[in-house]
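> Below are the sequence and a predicted model; questions follow.
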Amino acid sequence: MNSYQPFLIADFSTGLELGKEPWLLPKDAFTTMEDAMIHRGVLEKRRGYTSFMSTGQGLAITGIFHLMDSQGARIQLVADQSYLYEHVSTGLTMVSHAQRGSNPVWTGQPTDFIHWANWQGKVFMTNNLPVMGETVSGDGTGTDGIQVYNGSIFQALRPDLSGSGDYVDQCAFLMVHKERLILFATLEDGTLHLQRARWCKPGNPEDWTNDGFVDAPTGETLRGVASLRDEIVAWFSNSVWLLRYTGGSDLPLRWEKVSSVDGCGAPFSVVAFQDNSLALGKAGPVLTDGMDACRVDEKIPDLALGFDQEHMNACFGMVLEDQSQYWLLFPFAGSESADRVLVLNYENWSWSIFNLAFNCLGLHTLDQNTIWLASPPDPVKDMSDETWEACAEKWVTNSVQAGYPMVLAGDRAGNVHRLNNSASDGENGEIGFDVVSGRWNPFREYGVKARLGYVDFLLETSPAQALNVDFFKDTRQTAYLTRQLAFDREGEKAWVRLYSGATGAFHRIRLYHKAEGQNIRIHAIMPWFKPAGRIIP
């Protein structure tokens, strides 16, 4: 009688894989991966969030960013659909506008996100794509123009191109490059220039009389920009371009086409990391290194087609460098606002999906090391919002050290949340976990069925934690067996065995639960098989 043979699945790297038939997948691939991720070779449950601050206005958060003032201090800023707020010790306080006072500064929709850049002790902001016919009044009291804040004065910036009243009323994006503030996709005196890059005189964002601009030779709309090494990559509707520095006095910047493979369908999906830029194209994510561009959704083909195509402007992307992840907030089919997160681990190019509904993302830097809450709490000394016993962080984690970037998310009700710092969503909110393996049979190339004796799981132990495990065979959609995988074991890690005994052409398992306060970490899965007769007699 043949004995069972182990087939170790460890050092996970594939993640979500939808590009092949389940029986052809790598053994560490998953056909479903919700609220789970691969991190440094371990299958983990995603982390939760806690409340951080609120505007109190009930408007959608459209920007979480910062001002680097003239003294080098970093000042946390938050914007919603109408106002700008500064983070102080007591929370968020509204910033009064020089021309508008406490009246709304912006009149945009929840998806009119803030694009911003720091320069010379000021932060420059713009909040939407220009619209034909919109203008800003000459006294600067109009809304939705370019704004600037230096920590004390918040006012409109309306570039005068001639010195006699030829104004830039709006722009879609702005960046600082080679000592120039550059405006992209501009509205100038009521005329749209959706392929234009316009810049100020070197070193002087108050002087725009240099006639400094260049239009990309395309009829497409500019949809996003990012820094890429020493250049600027510009994403258009169906192509990718570089705005390259020439050093010439007459035309210091020029357009160079990179690729016509695909462009950008969601303006705020654009990010840069590891000398690449990534954007969401019409059918999926596209990557460029400045020399070429290509689709990078081989593992998740057509997944982006499940996004709500009429509300792609609700997508918002950001890189979480400490996790080596790219997060893309997106609206699932039928949703007007983002209610899912597509997560890319760019160390191993594994994908997963989180069930989170936020409007935008940003970063906040801790001013001092976290001090854990005492029991009872000490309002003078305590800096964390949770007790040591309830905290999911490790004692030496860098995420509680001063200067570490804290990931924040804004919702559509004026609230800002801290991400990845809890084992629950909000206060006592349950987090799901749902992964489904591919179809396993180590003898399939010989045309032989497999008998699954049992499956061993190498777990990171924790009290009062458990997963449900469903066992399936062949192509059946109904589980023939359900077991519970308990994490309450001795030691830091432990092997736990679940028995099956079923015979089939293929086998797969589903691991799932929905619970609060549980940190699931699985280091290895090892099914044990033996041959059990031919698949086709």
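Alright, I've got the coordinates.
> From here on, just use CA atoms for contacts and neighbour counts.
Noted.
> Now do the contacts for residue 502.
Neighbouring residues of residue 502 by CA atoms under 8 Å, 6 or more residues apart in numbering: 451-453, 473.
> Next step: those residues restricted to helices.
Counting by DSSP state H, these place none of their members in helices.
> Closest one of these to residue 496?
Distance to residue 496, by CA to CA, is smallest for residue 453 among these, at 13.9 Å.
> Residue 447 versus that closest one, what's the distance?
19 Å (CA to CA, to the nearest Å).
> Please say which of the two ends up with more neighbours.
residue 453 (19 against 15; other CA atoms under 10 Å).
> Setting the sequence-adjacent residues aside, check what's closest to that one.
Excluding the flanking residues, the one nearest residue 453 by CA to CA, 6 or more residues apart in numbering is residue 501, at 4.4 Å.
> Tell me which helix or strand the one you found sits in.
In the assignment (DSSP states H and E), residue 501 maps to strand 493-504.
> Let me know the next secondary structure element after that strand.
Remark: after strand 493-504, the chain's next helix or strand is strand 507-515, criterion DSSP H and E.
> Give the other helices and strands that that next one contacts.
Secondary-structure packing of strand 507-515 (3 or more CA pairs under 8 Å, 6 or more residues apart in numbering; DSSP states H and E): strand 431-437, strand 466-473.
> Packed most tightly, which of the ones you listed would that be?
Of all the helices and strands packed on strand 507-515, strand 431-437 has the most neighbours on average by mean count of other CA atoms under 10 Å, namely a mean of 22.
> Run the chain-centre distance for the helix or strand where residue 272 lies.
Using DSSP H and E, residue 272 sits within strand 271-273. Put simply, strand 271-273 sits 11 Å off its chain's centre (CA atoms, centre = their mean, to the nearest Å).
> Pass me the low-pLDDT residue ranges in the stretch 301-450 of the chain, would you?
Of all residues in the stretch 301-450 of the chain, those with pLDDT under 70 make up the ranges 367-403.
> which residues of it fall in helices?
In chain order, the stretch 301-450 of the chain shows no helices, with DSSP state H, counting those that start in this stretch as the criterion.
> Tell me how many other residues crowd residue 261.
Using other CA under 10 Å: residue 261 sits among 14 other residues.
> how near is it to residue 296?
12 Å.
> what does residue 30 give?
With distances taken as CA to CA, residue 30 is found 18 Å from residue 296.
> Also residue 201?
The gap separating residue 201 from residue 296 is 39 Å, by CA to CA.
> how about the strands in the stretch 51-200 of the chain?
All strands of the stretch 51-200 of the chain, identified by DSSP state E, counting those that start in this stretch, fall at 61-68, 74-80, 84-88, 91-94, 115-119, 122-126, 146-149, 154-157, 168-177, 180-188, 191-199.
> Would you format those strands as JSON lines with mean neighbour count and mean pLDDT included?
Formatted as JSON lines, those follow (neighbours: other CA atoms under 10 Å; pLDDT from 0 to 100):
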{"stretch": "strand 61-68", "mean neighbour count": "25", "mean pLDDT": "97"}
{"stretch": "strand 74-80", "mean neighbour count": "22", "mean pLDDT": "97"}
{"stretch": "strand 84-88", "mean neighbour count": "18", "mean pLDDT": "96"}
{"stretch": "strand 91-94", "mean neighbour count": "16", "mean pLDDT": "96"}
{"stretch": "strand 115-119", "mean neighbour count": "21", "mean pLDDT": "97"}
{"stretch": "strand 122-126", "mean neighbour count": "23", "mean pLDDT": "97"}
{"stretch": "strand 146-149", "mean neighbour count": "23", "mean pLDDT": "96"}
{"stretch": "strand 154-157", "mean neighbour count": "22", "mean pLDDT": "96"}
{"stretch": "strand 168-177", "mean neighbour count": "25", "mean pLDDT": "95"}
{"stretch": "strand 180-188", "mean neighbour count": "23", "mean pLDDT": "96"}
{"stretch": "strand 191-199", "mean neighbour count": "22", "mean pLDDT": "95"}
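> Columns distance to residue 327 on top of those, output as TSV?
Output for the strands of the stretch 51-200 of the chain, formatted as TSV (distance: least, CA to CA, whole Å):
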stretch	distance to residue 327
strand 61-68	15
strand 74-80	19
strand 84-88	24
strand 91-94	25
strand 115-119	17
strand 122-126	22
strand 146-149	27
strand 154-157	31
strand 168-177	20
strand 180-188	24
strand 191-199	27
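> looking at those strands, which is closest to residue 320?
Of all the strands of the stretch 51-200 of the chain, the one in closest proximity to residue 320, counting by CA to CA, is strand 61-68 (14.2 Å).
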